[in-house]
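*Asks:* Got a sequence here, can you build the structure:
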Amino acid sequence: MASKRSNVWKYFDQVSECSVECKLCQIKLVYHKSTSSMLNHLKLKHKTLSLEPESERQEQPLITSFTSARRHCDPARRERITALIIRMITKDMLPLSFIEGEGFRELMNFVEPEYRVPTRKTIVSRVEQKYEEGVKKLKMDISQSEKVAITTDSWTALTTESYTTITCHYITDDWEMKSAVLQTRSSDERHTAQNIAAPLQAAAEEWGLTDKITACVHDNASNMVLANRTIADWESVPCYAHTLQLAVNDGFKVGSVHWLWETCVTFSSQHCSHRWPEEKTRRAKSPQHKLIQYSRTNGTRFVTCLKGYTSRDGPCLRPFRTGPLPN
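*Replies:* The predicted structure is shown next:
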């Protein structure tokens, strides 16, 4: 490998014996043991950079500072910034209105005064293009697997809208397990077995998985079970975690356990409606603990929840040991 003595190497990484990548715009160039192509790239695409040796730059501090202050946002840099904005929106799942925010525009105006934030229409078009590229790549990856499995989950949002997500699971040729969300769509129709099976089969056809799906993992709802067992062309597998959760919920119906839990729930509601336990704990300078409330969809929290109620130093018993109850 050639010695990297030229200042040009501050702006490039050698990715292979015959190629280099620009650190500023991620463009790859052919490398033949010479820095001429890299120098030409910097002169054409990054005109404001100085390639003079450090000693020479120190002799002309005012000129260097002036050049840096007058950095122009050329087309290549403008495109790179736009691409990064698109990536930020898609990766962090930000709303499209994000680019219209006054704070964001103030930030961009300070960081890159010559850059003009694209319109929402342009951003939407670029996001859709990014989505199509992602779909194409994912289809290519999945097509290399002989068999896949899918999972489906339905839920209701705070706006009372129902959604269903279909996720695909497969193993690559390198024995690496991967999962990818195929779709998340709203379901306005009644949740009959037929209406549940239809989008599952449609997704299988859309993604080229009709003959590849070996099983579908789902919850134990009767309509979901019926949709997968009698309509779809794959094995129906009830979710183990959901099955266990149903068993735990039935266990809470046992007399002694039910009484214990009802007592804890009642105390929790009273505890949350009064500030005196928290105030006594704070005055005693004891560690602050919050009650963990049980959720019927998360039974694994039951043991942790009971520890909070029964611990000697927990938020429930500690206030009773520091004085009489308030009126």
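*Asks:* Enumerate every residue touching A204.
*Replies:* By CB atoms under 8 Å, 6 or more residues apart in numbering, the contact list for A204 reads 150, 210, 213. (C-beta placed from N, C-alpha, C; glycine too.)
*Asks:* Of those - the most surrounded one?
*Replies:* Within the contacts of A204, most neighbours by other CB atoms under 10 Å means I150, with 26 neighbours.
*Asks:* where along the stretch 151-300 of the chain do the helices fall?
*Replies:* Assigned by DSSP state H, counting those that start in this stretch, the helices in the stretch 151-300 of the chain fall at 193-206, 222-226, 240-251, 255-273, 276-283.
*Asks:* Output the ones you listed as a markdown table; include the columns distance to L24.
*Replies:* Conversion of the helices of the stretch 151-300 of the chain to a markdown table gives the following (distance: least, CB to CB, whole Å):
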| stretch | distance to L24 |
| --- | --- |
| helix 193-206 | 39 |
| helix 222-226 | 52 |
| helix 240-251 | 48 |
| helix 255-273 | 55 |
| helix 276-283 | 54 |
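*Asks:* most tightly surrounded among the ones you listed?
*Replies:* helix 193-206 (a mean of 18; mean count of other CB atoms under 10 Å).
*Asks:* For the contacts of A204, point out the one with the lowest pLDDT.
*Replies:* Minimum pLDDT for those is recorded at T210 (86).
*Asks:* gap between the residue nearest to that one when sequence neighbours are not counted and S34?
*Replies:* Spatial nearest neighbour of T210, chain neighbours left out: A204 (5.1 Å); criterion: CB to CB, 6 or more residues apart in numbering. Distance of A204 to S34, computed by CB to CB, to the nearest Å: 53 Å.
*Asks:* Regarding the protein, what is its longest helix?
*Replies:* The helix that spans the most residues within the chain, counting by DSSP state H, is helix 120-143.
*Asks:* can you state the direction angle for that helix and helix 193-206?
*Replies:* Counting by axes from the mean of the first three to the mean of the last three CA atoms, to 10 degrees, helix 120-143 lies at 80 degrees to helix 193-206.
*Asks:* So if we follow the domain assignment, how does the protein break up?
*Replies:* 7-69, 75-138, 145-238, 251-321 (automatic domain parsing).
*Asks:* Save those as JSON lines, and put in distance to Q245 too.
*Replies:* Formatted as JSON lines, those follow (distance: least, CB to CB, whole Å):
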{"stretch": "domain 7-69", "distance to Q245": "47"}
{"stretch": "domain 75-138", "distance to Q245": "28"}
{"stretch": "domain 145-238", "distance to Q245": "9"}
{"stretch": "domain 251-321", "distance to Q245": "5"}
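*Asks:* Can you say which of those is nearest to L244?
*Replies:* L244 lies closest, by CB to CB, to one member of these: domain 251-321, at 7.5 Å.
*Asks:* any idea how far E17 lies from Y31?
*Replies:* Separation of E17 from Y31 (CB to CB): 8 Å.
*Asks:* who's more crowded, these two?
*Replies:* Neighbours per residue (other CB under 10 Å) separate E17 from Y31, with Y31 holding more: 19 against 9.
*Asks:* ok, now which ones touch that one?
*Replies:* Applying CB under 8 Å, 6+ apart to Y31 gives the contacts 14, 17-20, 37-38.
*Asks:* Can you tell me the SS state at the residue nearest to it when sequence neighbours are not counted?
*Replies:* Nearest non-adjacent residue to Y31, counting by CB to CB, 6+ apart: V20, 4.6 Å away. Of the three states, V20 takes strand under DSSP: H, G, I helix; E, B strand; the rest coil.
*Asks:* I'd like to know how many residues surround V20.
*Replies:* V20 has 22 nearby residues by other CB under 10 Å.
*Asks:* Then the one 3 residues further on?
*Replies:* Burial measure for K23: 11 neighbouring residues, criterion other CB under 10 Å.
*Asks:* so what's it closest to, chain neighbours aside?
*Replies:* That would be Y11: by CB to CB, 6+ apart, it lies 5.4 Å from K23.
*Asks:* give me the number of residues near the one you found?
*Replies:* Neighbours of Y11 using other CB under 10 Å come to 19.
*Asks:* That one against H46, yeah?
*Replies:* Yes - using CB atoms under 8 Å, Y11 is in contact with H46, at 7.4 Å.
*Asks:* follow-up on the earlier one: with mean pLDDT and distance to T156 added, can I get the helices of the stretch 151-300 of the chain in CSV?
*Replies:* Formatted as CSV, the helices of the stretch 151-300 of the chain follow (pLDDT from 0 to 100; distance: least, CB to CB, whole Å):
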stretch, mean pLDDT, distance to T156
helix 193-206, 89, 15
helix 222-226, 87, 15
helix 240-251, 84, 16
helix 255-273, 68, 23
helix 276-283, 60, 33
